[in-house]
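[1] Take this sequence and fold it.
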Amino acid sequence: MADLEKNILVVIPVNEDHKKFLEEKAASGNKNCCVRYVNGSDVTAEDVKEANVIIGNVDPALVKEAKNLELFQLNSAGADQYIKPGILPEQAVLANATGAYGLAVSEHMLALTFDLIRRFNQYHANQAKHIWQSMGNITSVEGSTILVLGLGDIGGDYARKCHALGAHVIGVRRTNRNKPDYLDEQHTMDDLDELLGRADIVAMVLPGGDATNHIMDERRLRLMKKGAYLINVGRGNAVDPEGLYKVLKEGHLGGCGLDVTEPEPLPADSPLWDLGNLVITPHVAGNFFLPETFERIVRIAGENLAAWANGTPYRNVVDFATGYRK
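    The predicted structure is shown next:
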């Protein structure tokens with residue numbers, strides 16, 4: 001009797017080379033597989049219902065229909081909306097795309113860093129008004145103290161780049177283990193209040209969840225050094241928007257760069273839009289805008305598809321208790 005056919009649903013926008021690659025990985029074991037490709041925006045409950053493997057993010061409400069799901073490979077690093085009880089069946093393995101976004105997002109963070117400390121945003125505003133005027137003193141990455149909150153693929157890549165540029169880099173992670181060479185210091189969140197007053201730049205790459213909700217509230221924002229800079233590319237709700245508005249409006253912080261906001265999209269009537277010392281990008285640091293990011297996602301998906309086909313260990317398995325990669 002032939003093995004029952006296994007259904008693989010791919011919802012990321014792959015080309016023909018990607019399809020060949022994924023199909024070869026699926027066929028590398030002894031499973032009889034059928035691979036279907038559906039545009040992510042067109043996925044229906046019927047598409048999901050029979051899937052044994054899903055590659056790409058799908059609406060959590062639809063994923064609930066995937067009772068036969070064995071592997072759910074996300075195209076995102078964040079997994080918070082999928083770890084809630086009742087979303088995935090008990091037997092399903094959830095894997096994220098950690099390792100795909102470090103290059104793109106860390107360079108976006110560097111761009112925000114230099115934009116702020118060299119006042120490019122203010123000069124651009126003056127250009128629009130045809131104003132030729134110095135905006136005064138600037139800051140250097142070399143010799144500065146940069147505090148990085150979150151040392152996954154993205155935060156670690158940013159920290160490494162800043163260290164190479166001559167910064168004193170302090171990393172904060174959940175557990176104080178295996179300090180990488182590119183960090184001058186490593187701490188846990190227990191030390192956050194004391195560390196904020198030492199940093200010239202605070203860069204946030206934290207995941208979502210109750211533990212990080214408004215972790216940078218007004219009190220902590222005021223613990224930052226006067227004139228320091230804040231960058232957030234992790235989750236918008238990690239920063240209290242009302243507190244942020246106050247400290248930027250008053251000039252306590254030198255500036256801020258946000259690729260994520262609370263809420264998203266940022267409402268047109270939010271007062272944050274009008275702050276001259278705030279740079280906002282509309283959650284574009286990651287996504288697929290850098291082609292290499294998507295290539296990395298496909299490679300991770302292929303690696304896990306082969307692991308599923310052959311019964312070998314997966315990469316980037318998400319811990320449902322923490323939302324982090326195990």
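
[2] Doesn't residue 231 lie inside a helix?
    No - applying DSSP: H, G, I helix; E, B strand; the rest coil, one finds residue 231 to be strand, outside a helix.

[3] Who is it paired with across the strands?
    residue 203, residue 257 (DSSP bridges).

[4] so who does it touch?
    Shown in contact with residue 231 (C-beta atoms under 8 Å, 6 or more residues apart in numbering): 109, 112, 113, 116, 201, 202, 203, 204, 256, 257, 258. (Glycine included, C-beta is placed from N, CA and C.)

[5] if I look at the closest residue to residue 285 other than its chain neighbours, how far off is residue 99?
    Excluding the flanking residues, the one nearest residue 285 by C-beta to C-beta, 6 or more residues apart in numbering is residue 108, at 3.7 Å. Going from residue 108 to residue 99 by C-beta to C-beta, to the nearest Å gives 17 Å.

[6] Give me the contacts around the helix or strand that residue 308 is a member of.
    Following DSSP states H and E, one finds residue 308 within helix 291-310. Contacts with helix 291-310, where a contact means C-beta under 8 Å, 6+ apart, come from 8, 12-14, 18, 21-22, 25-31, 33, 53, 55, 70-71, 73, 75, 93, 95, 97, 99-101, 103-104, 286-288, 312-316.

[7] what do you get for stretch 119-130?
    114, 115, 132, 133, 135, 136, 138, 255, 276, 277, 279.

[8] Which of the residues you listed ranks first by neighbour count?
    Most neighbours among the contacts of stretch 119-130, by other C-beta atoms under 10 Å: residue 255, with 25 neighbours.

[9] Contact partners for it?
    Contacts of residue 255 by C-beta under 8 Å, 6+ apart are 116, 117, 121, 229, 230, 248, 277, 278, 279.

[10] again, but for residue 189
    Here residue 189 is in contact with 172, 174, 215 (criterion: C-beta under 8 Å, 6+ apart).

[11] try it again with 10 Å
    149, 172, 173, 174, 195, 206, 211, 212, 215 (C-beta atoms under 10 Å, 6 or more residues apart in numbering).

[12] pLDDT score assigned to it?
    Looking at residue 189, its pLDDT stands at 96.

[13] try residue 2
    You'll see residue 2 listed with a pLDDT of 46.

[14] can you check residue 167 too?
    99.

[15] what does residue 117 give?
    pLDDT, residue 117: 98.

[16] Could you report the distance from it to residue 275?
    Distance, residue 117 to residue 275, using C-beta to C-beta: 17 Å.

[17] And residue 30, by the same measure?
    Distance from residue 30 to residue 275, by C-beta to C-beta: 59 Å.

[18] When these two are compared, which one has more neighbours?
    Per other C-beta under 10 Å, whichever of residue 30 and residue 275 has more neighbours is residue 275, with 16 against 9.

[19] if I read this right, that one contacts residue 245, doesn't it?
    Yes - here residue 275 reaches residue 245: they are 7.2 Å apart, a contact under C-beta atoms under 10 Å.

[20] hey, what's in contact with both of those two?
    Common neighbours of residue 275 and residue 245 (C-beta under 10 Å, 6+ apart) are residue 256.
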